[in-house]
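Trainee: curious how this folds, go ahead:
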Amino acid sequence: MDLTITGEVTSVLEEETGTGRNGPWRKQAFILKTEGEYPKEICVIQWGDNIDRFAVQAGEVITAHIDIQSREFKGRWYTDVKAWKIEREDAGGTSPPSDDEPPLSEEPEGFDADDDVLPF
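Mentor: Okay, here's the model as predicted:
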């Protein structure tokens with residue numbers, strides 16, 4: 001199943017880094033405001049090299065190909081929306097060019113779920 005969401009990037013949050021048992025990791029979130037009668041703001045996360053590869057900037061309209069993943073921590077559930085491919089609407093396609101790889105079912109290299117301490 002290929003999930004996509006389209007909207008305007010309203011802000012790009014600070015990059016986060018850390019080190020897990022598999023080595024260093026990095027992630028960056030951005031806020032995507034959907035279109036329509038009832039627009040929503042959605043926090044989307046990019047991991048590792050995708051941060052540099054797609055270089056999302058505030059103000060641009062994009063379509064994000066996403067993976068949705070939930071996990072339980074002490075009886076509460078937390079959900080992440082992870083972008084694995086970005087297409088720019090004004091450029092007429094993916095920019096820069098990317099391989100049409102399916103999303104990974106595993107966490108990015110270097111990510112250690114034990115290091116992702118919850119609650120926020």
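Trainee: any idea which residue sits dead centre in this structure?
Mentor: Centrality entry for the chain: nearest residue to the mean C-alpha point is Ile45, 2.5 Å, by C-alpha atoms, centre = their mean.
Trainee: secondary structure element for it?
Mentor: Using DSSP states H and E, Ile45 sits within strand 41-47.
Trainee: next structured bit after that strand?
Mentor: Scanning onward from strand 41-47 (DSSP H and E), the first element met is helix 50-54.
Trainee: burial count for the residue lying closest to Glu35 once chain neighbours are set aside?
Mentor: Closest residue in space to Glu35, ignoring its immediate chain neighbours: Gly7 at 6.1 Å, by C-beta to C-beta, 6 or more residues apart in numbering. To be clear about C-beta, it is placed using only N, CA and C from the backbone, and glycine gets the same treatment. Other residues near Gly7 come to 21 when the count uses other C-beta atoms under 10 Å.
Trainee: got the CA positions of whichever strand or helix holds Gly7 in PDB?
Mentor: Using DSSP H and E, Gly7 maps to strand 3-12. Only the C-alpha atoms of strand 3-12 are listed here, as PDB (Å, rounded to 0.1, in the frame of the first residue of the first chain):
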ATOM      1  CA  LEU A   3       0.300   6.100   1.300                       C
ATOM      2  CA  THR A   4       0.800   9.700   0.300                       C
ATOM      3  CA  ILE A   5      -0.100  13.100   1.700                       C
ATOM      4  CA  THR A   6       0.100  16.500  -0.100                       C
ATOM      5  CA  GLY A   7       0.300  19.900   1.400                       C
ATOM      6  CA  GLU A   8       2.400  22.900   2.200                       C
ATOM      7  CA  VAL A   9       5.400  22.700   4.400                       C
ATOM      8  CA  THR A  10       4.800  25.300   7.100                       C
ATOM      9  CA  SER A  11       7.900  24.700   9.200                       C
ATOM     10  CA  VAL A  12      11.000  22.500   9.300                       C
END
